[in-house]
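Colleague: pasting a predicted model and its sequence here:
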Amino acid sequence: MAAKLRAPGFYRAGIMMLGGVALATGLTWLVRMTTGHATYSHYLSGDAILSVSLLAVPLAFLIGIGGFDYWFYWAAGRPTRPEDHSGHGAYSWKDYFRVNTDHKVIGVQYTVSSFFFLLVGGLIAMLMRAQLAQPGSHFVDANTFNGLFSVHASLLIFLFIIPVFAGLANFVLPLMIGAPDMAFPRLNALSFWLLPVAGALMLGSFFAPGGAFADGWTAYAPLSDNAPIGQTFFSVAVQFAGASSIMTALNFLVTIITMRAPGMSFFRMPLLVWANFATSLLVVIATPFIAASQFFVLLDRALGFNFFNAAHGGDVLMYQHVFWFYSHPAVYIMMLPGFGIISEIIAVKARKPIFGYRMMAFSLLAIVALGFTVWAHHMFTSGMAAWIRIPMAITTAIIAVPTGIKIFSWLATLWRGVLHLDTPMLFALGFLTTFTLGGISGVMLAMVPFDIHVSATYFIVAHIHYVLFGGSLMTIFAGVYYWFPKMTGRMYDERLGKWHFWATFIFVNLTFGPMHILGLQGMPRRVSTYAAKFTDLNLFISLASFGLGLSTLVFFYNIVTSWRGGPRAIPNPWRGMTLEWQVSSPPPIFNFDRVPTVVGGPYEYGVPGAVHGIFAPAPAPAAAGAAASVVRAPSQ
Amino acid sequence: MTSRRSLALASVAAVVAVAIAVAISFWIHWFPAQATTQAQNTDRLYHVLVLASIPIFVLVVTVILYSVWQFRMKPGEELKDGPPIHGNTRLEVFWTAIPTVLLLGIVGYSFVVLRNNEKKPAREIQIGVTAQQFAWTYQYPPSVTGGAPLNSTQLYVPKGESVEFSLRSKDVIHAFWIPAFRVQEDVVPGITTHWRATPIRLGSYPVVCNLLCGLGHSLMRSTVHVVTPAQFHAWITSQQSAAASGAGGLSTTGAATG
Ligand code: HEM
Ligand SMILES: [Cu+2]
Ligand SMILES: [Cu+2]
């Protein structure tokens, strides 16, 4: 028993978490006592203990589960066993529930837990649409409703779309560049374990006194400054989710820069790798800003800093500038990896090279650069200085150009190809359609006089769901189906996949299309009831949204049953050229039993005799278990 | 079907689709009542945007559907690849340059609309708007009342005169939005924000708080009454005498000072 409590794992984590609560209690008691503030009627304050616990308990959990063990050993001067791969790979399902350094295990951990949050976030959306089916309904009260849409958006942004892309890339990217693992496997493991922490905090806020955080995912101050304690759950959760993003992005950057297989120059990288390179640049530069914005709120709330208290010289608009300096780039963080997925799928399924490969890479970099110059288009009606609208509207219009280039390049890749219209491809084509609509409404929103009418209305809700559901989520579904054989070693059910696609495609448009009209007609977003004239459309939307919710169940059913009992997958079911398809499904424990050498571009379909990578001559193929000895070990 | 014939067919289908979509775009009632000159300008901008977007969207969908129709894998082609076309610089320059020009064009047009909408006219009246969780109050200064300033929970504006609203908040951020006017701006604690509009249509229209401000946000509504200048002045006078005599005015003035 004692050994169990000392070894990294859930038991030790539980003990440490209790220690975290004790620490928070002691610390706040000590500080309140020593400062002896006159207004403190007693030294123990529930809010203070809870606030400090929100930081201490998750950290204690991470230490307990073993996320920091290696570094602690190293810092304490104990032997660190750098070549010990005891934490690498999964031999039973239990290995998915511990700190694991194998990027393939981490990729699955990321993807599966993100989809859990999709399920929860989707259920919350169903509750919201139930409330909105009728005006003046009392399905939930106003406070609960505000909590529902806030948690819905925060979960789906910070715990679904952003991490699921990181998860898919975690699995595929090292394989694609011919690397045995990520550059920093232990950091990679820690990044993953930060996510359940962030998710637990967000969901846990429902049980906080005063209810869940209820100021939207944007958490505008000063409303968030004075909200009940649930808001602190959000501010802290964002720190953990943000730290996770930054660590993973750093890991991707270093992996891409230093661990490409021999012969893989930048312009021989698959576009998914390019896309994650671009995304990671956005993440490392932008994410500290949202962390800062939430720290400001935290300090305002806990210690009365008055950053956003106008009565004491605070600057309310500053919050929005800092917030959007992250959150606009964040919309591309939520889109560029999807662009990468679509490029892979369209090239393979149309059996043609990507049309204008270099422009595809450059347009990603253009989006990264321009993405930092448009943030105030979210503030056209905020009361900021009027002139800022002019340059921001121009850059916002211009950022549509690289996006357009990508769409045209995909269309040209389809042209004269041999189209395999299976599930991943259907989702890719569906993505092209709905995302184009979302891009068009985005360009409309760049037009200041028009935005002045529709900002913060259901038109915005329509826009973001066209780009995020019709865009990002379609690419995620496409990617999951596409790499499912590689990740699980099984094939999914094609017929169910097609049903899932058509149901998704139809219900997305039925659900989010009419929202444009609601917004133009004058319905604000984030309301729990509305004027009678909006009743019919809202009822229609609610019904359609239930259809959309059900369509997701088809997906989950397909994935679960196929994973358990689908037909075995061959190494390369799609006849792809990129390196991940040149190894078994699922790949060997250290990815490549022989180090690949890249000799050509990644999409040379139709070029007679072309190959992307070859396996250099190596000693006789080693058995999977002994493979560790013949490959480069992951560097520290 | 030969590829030339199928291309011709697809082009015809695309043109028909554009025509139908344009017709539908005129048939749909996109907006509520058009109650200001600003609304006229903004709605026109919107229609231009829709007309410009339809051909682009139809082009994308046509290419997709045409590819699905003509290039889908046929039995026996399981191992066939497409032609190895890597790109075409002329085409790529073309589809970079044309959208750039188009986008700069419409953004330029939107700036013209913006300037017209926000231009300060020679004559203008001022009305103050105060937001507070979860109600609106309105301040009519002496320049409007011709006497003592007036606080009211009701919003009356004269038809045909430009009104500049000065927005102040007592607590958190709200947004003062009149959908029929097509204008909104946030009401921000610590600063005064403004917007103007010229009502041109008599009637009563909803005033909506359009920024999440707390529990009562969904119900933070008011009404704007666009009346003739004569009715406007009659209303001001009646309010002032009510305020002076105490009885009816208590609630309105009370709300504004509270
Ligand atoms: C052609 C490219 C795009 C343009 C020009 C564009 C433009 C805009 C503008 C001007 C707004 C602010 C509207 C307002 O609040 O008044 C906006 C909001 C938003 N956009 Fe886009 N957008 C584009 C693509 C995207 C993409 C790719 C995503 C994400 C995948 C995205 C996600 C969002 C979100 C989440 C919001 C709302 C944020 C909020 O207020 O909660 N957009 N967009
Ligand atoms: Cu943006
Ligand atoms: Cu409000």
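Modeller: Looks like it arrived, so ask away. Ligands and ions are numbered 1, 2, ... in the order given.

Colleague: could you use CA atoms for every contact and neighbour count after this?
Modeller: OK.

Colleague: name the helix or strand for the residue nearest to A:Gly216 when sequence neighbours are not counted, please.
Modeller: Leaving aside its chain neighbours, A:Gly216 sits nearest to A:Ser150 (4.1 Å; criterion: C-alpha to C-alpha, 6 or more residues apart in numbering or on different chains). With elements taken from DSSP states H and E, the one containing A:Ser150 is helix A:142-154.

Colleague: near ligand 3, anything from that helix?
Modeller: No. Helix A:142-154 is not in contact with ligand 3 by C-alpha under 5 Å from the ion; minimum separation 12.0 Å.

Colleague: which elements pack onto that helix?
Modeller: Packing contacts for helix A:142-154, counted by 3 or more C-alpha pairs under 8 Å, 6 or more residues apart in numbering or on different chains; DSSP states H and E, involve helix A:103-132, helix A:185-204.

Colleague: what's the closest of those helices to B:Ala19?
Modeller: Taking C-alpha to C-alpha, helix A:103-132 is the member of these nearest to B:Ala19, at 34.7 Å.

Colleague: that older thread, just the pLDDT for the residue nearest to A:Gly216.
Modeller: Note for A:Ser150: predicted pLDDT of 97.

Colleague: quick one on the thing from earlier: now mean neighbour count too, for the helices and strands packed on helix A:142-154, in a markdown table please.
Modeller: Listed next are these as a markdown table, based on neighbours: other C-alpha atoms under 10 Å in any protein chain shown:
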| stretch | mean neighbour count |
| --- | --- |
| helix A:103-132 | 22 |
| helix A:185-204 | 23 |
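
Colleague: nearest to ligand 1, of these?
Modeller: For these, proximity to ligand 1 was assessed by C-alpha to the nearest ligand atom; helix A:103-132 is nearest, at 15.3 Å.

Colleague: helices or strands up against that closest one?
Modeller: Using 3+ C-alpha pairs under 8 Å, 6+ apart, the elements in contact with helix A:103-132 are helix A:142-154, helix A:162-176, helix A:185-204, helix A:535-565.

Colleague: and the first one with ligand 1, contact?
Modeller: No. On the criterion C-alpha under 6 Å from any ligand atom, helix A:142-154 is out of touch with ligand 1, staying 8.5 Å away.

Colleague: could you check the angle that helix makes with helix A:185-204?
Modeller: Helix A:142-154 and helix A:185-204 are oriented at 160 degrees to each other (axes from the mean of the first three to the mean of the last three C-alpha atoms, to 10 degrees).

Colleague: only alpha carbons, please: show helix A:142-154 as CSV.
Modeller: Presented in CSV, the C-alpha positions along helix A:142-154 are these (Å, rounded to 0.1, in the frame of the first residue of the first chain):
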residue,chain,number,x,y,z
ALA,A,142,-31.4,33.0,-16.5
ASN,A,143,-28.3,32.3,-14.4
THR,A,144,-28.2,28.7,-15.5
PHE,A,145,-28.7,29.7,-19.1
ASN,A,146,-25.8,32.2,-19.0
GLY,A,147,-23.7,29.5,-17.4
LEU,A,148,-24.7,27.0,-20.1
PHE,A,149,-23.6,29.1,-23.1
SER,A,150,-20.5,30.2,-21.3
VAL,A,151,-19.4,26.7,-20.5
HIS,A,152,-20.5,25.4,-23.9
ALA,A,153,-18.3,27.8,-25.8
SER,A,154,-15.3,27.5,-23.4
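
Colleague: what does it rub up against?
Modeller: By C-alpha atoms under 8 Å, 6 or more residues apart in numbering or on different chains, the residues outside helix A:142-154 that reach it are A:121-122, A:124-125, A:127-128, A:202-203, A:206, A:211-217, A:526-528, B:215-216.

Colleague: please list which of the residues you listed are also close to ligand 3.
Modeller: Of these, not one also sits near ligand 3 (C-alpha under 5 Å from the ion).

Colleague: all strands of the stretch 101-250 of chain B, in order?
Modeller: Counting by DSSP state E, counting those that start in this stretch, the stretch 101-250 of chain B has strands at residues B:124-132, B:135-140, B:150-152, B:155-158, B:162-169, B:174-178, B:183-187, B:193-197, B:203-209, B:221-227.

Colleague: which other helices and strands does the third one contact?
Modeller: In terms of contacts (3+ C-alpha pairs under 8 Å, 6+ apart), strand B:150-152 is packed against strand B:135-140, helix B:249-257.

Colleague: ok, now which ones touch A:Gly20?
Modeller: A:Gly20 sits next to A:53, A:56-57, A:60 when contact means C-alpha under 8 Å, 6+ apart.

Colleague: can stretch A:563-583 be said to contact chain B?
Modeller: No. On the criterion C-alpha under 8 Å from any C-alpha of the partner chain, stretch A:563-583 is out of touch with chain B, staying 8.9 Å away.

Colleague: and that stretch, which residues are buried?
Modeller: A:563, A:566, A:569-572, A:574, A:576-583 (16 or more other C-alpha atoms under 10 Å in any protein chain shown).

Colleague: where does the stretch 501-636 of chain A get nearest to ligand 1, which residue?
Modeller: Checked against ligand 1 (C-alpha to the nearest ligand atom), the nearest residue in the stretch 501-636 of chain A is A:Arg525, 9.6 Å away.

Colleague: quick check: beta-bridge partners of the nearest residue to that residue once chain neighbours are set aside?
Modeller: Nearest residue to A:Arg525 in three dimensions, chain neighbours excluded: A:Thr457, at 4.7 Å (C-alpha to C-alpha, 6+ apart). Bridge pairing for A:Thr457 (DSSP bridges) gives the partners A:Pro524.

Colleague: and A:Thr457, what does it touch?
Modeller: Counting by C-alpha under 8 Å, 6+ apart, A:Thr457 touches A:519-520, A:522-525, B:210.

Colleague: for those, which one is nearest A:Phe192?
Modeller: Using C-alpha to C-alpha, A:Arg525 is the member of the contacts of A:Thr457 that lies nearest A:Phe192, at 33.0 Å.

Colleague: and the residue nearest the centre of chain B, what's its pLDDT?
Modeller: By C-alpha atoms, centre = their mean, chain B has its centre lying nearest to B:Arg182, at 4.2 Å. Per-residue confidence (pLDDT) for B:Arg182: 97.

Colleague: the closest residue to it other than its chain neighbours: which element?
Modeller: Closest residue in space to B:Arg182, ignoring its immediate chain neighbours: A:His453 at 4.7 Å, by C-alpha to C-alpha, 6+ apart. Per DSSP H and E: A:His453 is located in helix A:448-454.

Colleague: is ligand 1 within reach of that helix?
Modeller: Yes. Using C-alpha under 6 Å from any ligand atom, helix A:448-454 reaches ligand 1 at A:Asp451.

Colleague: what helices or strands is that helix leaning on?
Modeller: Judged by 3+ C-alpha pairs under 8 Å, 6+ apart, helix A:448-454 is in contact with helix A:423-445, helix A:494-521, helix B:37-71, helix B:89-118, strand B:183-187.

Colleague: what mean pLDDT does the first one have?
Modeller: It stands for helix A:423-445. On average, helix A:423-445 scores 97.
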